[in-house]
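In: What follows is a predicted protein model with its sequence.
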Amino acid sequence: MKKVTVVFWITLILTLALSILGVITPDSFERISGSIMGYISAHFGWFYLLIVTLFVLFCLYLVFSPYGKIKLGRPGEKPEFTYTSWLSMLFSAGMGIGLVFYGVASPVSHYMKTPPTAEPGTKEALEDALRLTFFHYGIHAWAIYAVIALVLAYFMFRHEKPGLVSASLETLFGDRMKGAWGKAVDVIAVFATIVGVATTLGFGATQINGGIAFLFDVPISFWVQLIIILIVTVLFMISTYTGLSRGIKYLSNANMGLGAILFLATLILGPSLYIFNSFTDTIGSYLQQLPSESFRLAPNDQDERQWVLDWTVFFWAWWMAWSPFVGIFIARVSKGRTIREFLAGVLIVPSVVGFLWFSAFGISGIDAQNNGADIAGLPDEQALFGMFEQLPFGMILSIIGILLISTFFITSADSATFVLGMQTTNGSMSPPTTVKFTWGFAQSAIAAVLLYTGGLQSLQNALISAALPFSVIMLLMIISFYKALKADKEKTWPDKK
């Protein structure tokens, strides 16, 4: 533990204090955190929409500008990982478990429970359901991750700065980022990572519990979820011990393999033609309505405005709160890529894979709903298994689904311990195993405590609230990055074409 910085102790104490507060006064904590989140959503919704759209435009500008050929590393430096492993790792860290959890639940919800303007269950609601899911999990979400990852990778590998969020702001603020202000920036980033991953561990445990309850009549209870967390903790600790190039890489590749099997099975056994037709049609409507949807706040329609706050603003805040964790991890595995190559990979590939995934699972769920199965009536964590029940070999598919959730669960926690280790050891590219283990046990313990007290919602509220100050940090990171990029272009060692 000799390498840890003051950021380690501050964030560990802060997280434990909030968790204890959640245990002692769970109702008050949830009410207060919910009020803060509600206020931020209502009064800063416009800001979230504008800044996330700015991230998208900035990424597109870099792709088509001369800056795109600059390498995230020294000239001639080769990428550390193959394309397959690289894409697998960024996808697993970025959104894997979310796709499994909401692959059926989100489109069915937009169709039957919470359509923004149409009546539930109508043709208009069905047309909006998949397009809105694409919107919330598409280019905008990955642009948030891309901005953080690109800026950090650029300073880490081009300018040999520590892998810290604060180090990316030194171009603007100089040595002040090495003092108290820099520590404050890093504490916000580490706190968002801890809370985000602990929340995800809780969601993962509830879905695995929901799956085995649906299949084998196992009770849905805290004790079952605690056993799941303990088993997964042991597994991701083993993966953490083996290191980035072995444990995380192999598990990420396994994720992609299991995901491909589940996707192809659903595509073939489900309403295949309907899926392909819906995917093609939704891509068109998504691209057509992307500009207007990016700015939609509906100030003159209270119900529609509330939907935007509950869904779009919530998702933008959620992705921003997750971005320190995902961005730092993607940056770490992206050495040697050009800016253009990096952005094309991070923006386009995961978005298209997500669109295909939601088309297969969402349309299969909607088709099952229209044919008499009450998918909308199931809890979100069981919607996937309810859909599988309507397909041939449903039991086998459900078991594969539980395995996929488990491997995504492990890689998310594994990646997080690595990122937290980096951020609390002054950006070390090989943080000590003891530090990673400390964060691993802390995350699992917090998730278990919050499941026991029913405090996951409170932690989620805290996570969303943390997105507002971090969004300002992200904006400053872009300015700092662009300033350094302009100076870099004039250096005497340009990259080879």
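Out: Noted; the coordinates are in hand. Numbers count the residues shown, from 1 in each chain.
In: chain center to stretch 464-481: distance?
Out: 16 Å (Cα atoms, centre = their mean, to the nearest Å).
In: That stretch: which residues count as buried?
Out: 464-468, 470-471, 473-474, 476-478, 480-481 (16 or more other Cβ atoms under 10 Å). Using the backbone N, CA and C atoms, a C-beta is placed for each residue, glycine as well.
In: Dump the residues you listed into TSV; add secondary structure, pLDDT and distance to Val313 as well.
Out: Putting these into TSV (DSSP: H, G, I helix; E, B strand; the rest coil; pLDDT from 0 to 100; distance: Cβ to Cβ, whole Å) gives the following:
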residue	secondary structure	pLDDT	distance to Val313
Ile464	helix	72	9
Ser465	helix	77	12
Ala466	helix	74	15
Ala467	helix	82	10
Leu468	helix	86	11
Phe470	helix	87	15
Ser471	helix	90	12
Ile473	helix	92	19
Met474	helix	93	16
Leu476	helix	94	21
Met477	helix	94	21
Ile478	helix	95	21
Ser480	helix	94	26
Phe481	helix	94	25
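In: Kindly reformat those as TSV containing distance to Trp439.
Out: Shown next, in TSV, are those (distance: Cβ to Cβ, whole Å):
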residue	distance to Trp439
Ile464	22
Ser465	22
Ala466	17
Ala467	21
Leu468	24
Phe470	19
Ser471	24
Ile473	21
Met474	23
Leu476	26
Met477	23
Ile478	28
Ser480	27
Phe481	27
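In: and which of those residues is nearest Leu12?
Out: The shortest approach to Leu12 among those belongs to Ala466, at 16.2 Å (Cβ to Cβ).
In: That closest one and Ser35, how far apart?
Out: Distance from Ala466 to Ser35, counting by Cβ to Cβ, to the nearest Å: 15 Å.
In: Then Pro432?
Out: From Pro432 to Ser35 the distance is 40 Å (Cβ to Cβ).
In: And those two? Which one has more around it.
Out: Between Pro432 and Ser35, Pro432 has the larger neighbour count (other Cβ atoms under 10 Å), namely 15 against 12.
In: Give me the residue ranges of this structure where confidence is low.
Out: Within the chain, the stretches with pLDDT under 70 are 1-2, 90-97, 239-253, 454-460, 462-463, 490-497.
In: how about the top helix by length along it: buried residues?
Out: Taking DSSP state H as the criterion, the chain has its longest helix at helix 26-64. By 16+ other Cβ under 10 Å, the buried positions in helix 26-64 come out as 26, 29-30, 33-34, 37, 40-41, 44-45, 48-49, 51-53, 55-56, 58-59, 62-63.
In: just checking, what packs against the host helix or strand of Ala254?
Out: Secondary structure assignment for Ala254, by DSSP states H and E: helix 249-269. Applying 3 or more Cβ pairs under 8 Å, 6 or more residues apart in numbering; DSSP states H and E, one finds that helix 249-269 makes contact with helix 83-94, helix 96-102, helix 349-370, helix 394-423.
In: Switch those helices over to a markdown table; also include mean neighbour count.
Out: Listed next are these as a markdown table, based on neighbours: other Cβ atoms under 10 Å:
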| stretch | mean neighbour count |
| --- | --- |
| helix 83-94 | 23 |
| helix 96-102 | 23 |
| helix 349-370 | 23 |
| helix 394-423 | 24 |
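In: any chance of those helices in TSV, with distance to Ala189 too?
Out: Rendered in TSV, the data for those read as follows (distance: least, Cβ to Cβ, whole Å):
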stretch	distance to Ala189
helix 83-94	15
helix 96-102	20
helix 349-370	22
helix 394-423	6
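In: Indicate which one of those is closest to Met156.
Out: helix 394-423 (9.8 Å).
In: so is the nearest residue to Thr117 once chain neighbours are set aside in a helix, a strand, or just coil?
Out: Nearest non-adjacent residue to Thr117, counting by Cβ to Cβ, 6 or more residues apart in numbering: Glu304, 5.9 Å away. At Glu304 the chain is in helix, as set by DSSP: H, G, I helix; E, B strand; the rest coil.
In: Glu304: neighbour count?
Out: 15.
In: I figured it was touching Thr114, is that so?
Out: No. Judged on Cβ atoms under 8 Å, Glu304 makes no contact with Thr114 at a distance of 11.4 Å.
In: Which strand or helix spans the closest residue to Gly362 other than its chain neighbours?
Out: Computed as Cβ to Cβ, 6+ apart, the closest residue to Gly362 that is not its neighbour in sequence is Pro107, at 3.0 Å. Taking DSSP H and E as the definition, Pro107 sits inside helix 105-108.
In: Show me what that helix packs onto, helices and strands only.
Out: Using 3+ Cβ pairs under 8 Å, 6+ apart: helix 105-108 touches helix 123-137, helix 349-370, helix 380-388.
In: I'd like these written out as JSON lines, with distance to Pro291 added.
Out: Formatted as JSON lines, the helices and strands packed on helix 105-108 follow (distance: least, Cβ to Cβ, whole Å):
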{"stretch": "helix 123-137", "distance to Pro291": "11"}
{"stretch": "helix 349-370", "distance to Pro291": "16"}
{"stretch": "helix 380-388", "distance to Pro291": "30"}
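In: Tell me which of those sits nearest to Leu164.
Out: helix 349-370 (25.0 Å).
In: Can I get the closest one in CSV, CA atoms only?
Out: The C-alpha trace of helix 349-370 is given here as CSV (Å, rounded to 0.1, in the frame of the first residue of the first chain):
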residue,chain,number,x,y,z
VAL,A,349,-18.7,-0.5,-33.8
PRO,A,350,-20.2,-0.7,-30.3
SER,A,351,-23.2,1.4,-31.5
VAL,A,352,-24.0,-0.9,-34.4
VAL,A,353,-23.5,-4.0,-32.3
GLY,A,354,-25.9,-2.5,-29.7
PHE,A,355,-28.5,-1.7,-32.4
LEU,A,356,-28.4,-5.3,-33.7
TRP,A,357,-28.6,-6.6,-30.2
PHE,A,358,-31.6,-4.4,-29.2
SER,A,359,-33.3,-5.3,-32.6
ALA,A,360,-33.0,-9.0,-31.9
PHE,A,361,-34.0,-9.0,-28.3
GLY,A,362,-36.3,-6.1,-28.2
ILE,A,363,-38.4,-7.2,-31.2
SER,A,364,-38.5,-10.8,-30.0
GLY,A,365,-39.8,-9.4,-26.6
ILE,A,366,-42.4,-7.2,-28.3
ASP,A,367,-43.4,-10.1,-30.6
ALA,A,368,-43.9,-12.3,-27.6
GLN,A,369,-45.9,-9.6,-25.9
ASN,A,370,-48.2,-9.2,-28.9
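In: Check the gap between Met37 and Phe64 for me.
Out: 37 Å.
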